[in-house]
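Novice: Just a sequence and a predicted model for now, questions to come.
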Amino acid sequence: MKNKKTMGSLLLLGLSMALLLSACGSATPTMSPEEIMTSIAETVAVDFTRTAIARPTDTPTPLPTPTNTATPVTPTIAVTNTPAGTQVPTSIPGGQDAGVWVSSNPADGSNITAGQPFDVNVTLMNTGTTTWTTAYAIKFINGERMSAPETIYLPIEVPPTKSITLTVKFTAPSSGGTVRSNWQIVNAAGTGFYSFYFEYNIVTP
């Protein structure tokens, strides 16, 4: 009986020592503070590397370049009508002859009694660079002269940009209808540089 107790005690003691030795053998050795910091740094670096690999590269998508569509421009051509005349500037020594019709009174298109004399006051402007002298004139070219003088000289000089009013004495035809009388401004050499006309409705009484 005593031997059995002794054997049991020895067996229990041996088992305890085995467990103690086993526990001591599996214990993790204690790390110094420097080793702990190094381990943490390595772990963080590994995590950053894994994150960089897992995350796709951010490639910016280029925005489309706006394209400006030009609007076609339609040129506007300004047409200037010269009333009652045609401009044909003439270059002469000392400048250029040019003129323009300004007005007629009675106006073109007025009714004139057949067979009756009537006066027309015509105003012309010097648009050239020469001075119109008293050797300049207005001259009948063609159409209905209606008994007016063939040539009417300027009574005074007309500098550039100035106007002059001349009186033309007509006698209306005896028959009704529309009549037109074509004239020119001519320089001292007799060269015409501006054409104009008179046009009236001849009516019978």
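Specialist: Ah, there it is.
Novice: For P205, the count of nearby residues, please.
Specialist: 7 (other Cβ atoms under 10 Å). (Glycine included, C-beta is placed from N, CA and C.)
Novice: so what's it up against?
Specialist: Applying Cβ atoms under 8 Å, 6 or more residues apart in numbering to P205 gives the contacts 113-114.
Novice: In its sheet, which strands sit next to whichever strand in the chain runs longest, and in what direction?
Specialist: Ranked by residue count, the top strand of the chain under DSSP state E comes out as strand 192-203. Applying DSSP bridges, strand 192-203 is found paired with strand 85-87 (antiparallel), strand 111-113 (parallel), strand 177-186 (antiparallel).
Novice: Dump the ones you listed into a markdown table; add mean pLDDT as well.
Specialist: Below are these laid out as a markdown table (pLDDT from 0 to 100):
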| stretch | mean pLDDT |
| --- | --- |
| strand 85-87 | 69 |
| strand 111-113 | 98 |
| strand 177-186 | 98 |
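Novice: in this protein, which spans are helices?
Specialist: Here the chain has its helices, by DSSP state H, at 2-26, 33-54.
Novice: Low-confidence ranges, this protein, go.
Specialist: In the predicted model of the chain, residues 1-85, 87-88 satisfy pLDDT under 70.
Novice: residues making contact with stretch 136-147?
Specialist: Stretch 136-147 is contacted from outside by 117, 122, 124, 148-154, 158, 166, 168-173, 179-188, 192, 195, 197, using Cβ under 8 Å, 6+ apart.
Novice: list the buried ones in that stretch?
Specialist: Within stretch 136-147, the residues scored as buried using 16 or more other Cβ atoms under 10 Å are 136-138, 140-141, 144-146.
Novice: Now do the end-to-end distance for stretch 186-194.
Specialist: By Cα to Cα, to the nearest Å, the extent of stretch 186-194 from end to end equals 7 Å.
Novice: hmm, back to that, among the strands paired with strand 192-203, which is the most enclosed?
Specialist: With neighbours defined as mean count of other Cβ atoms under 10 Å, the strands paired with strand 192-203 peak in mean count at strand 177-186, which reaches a mean of 19.
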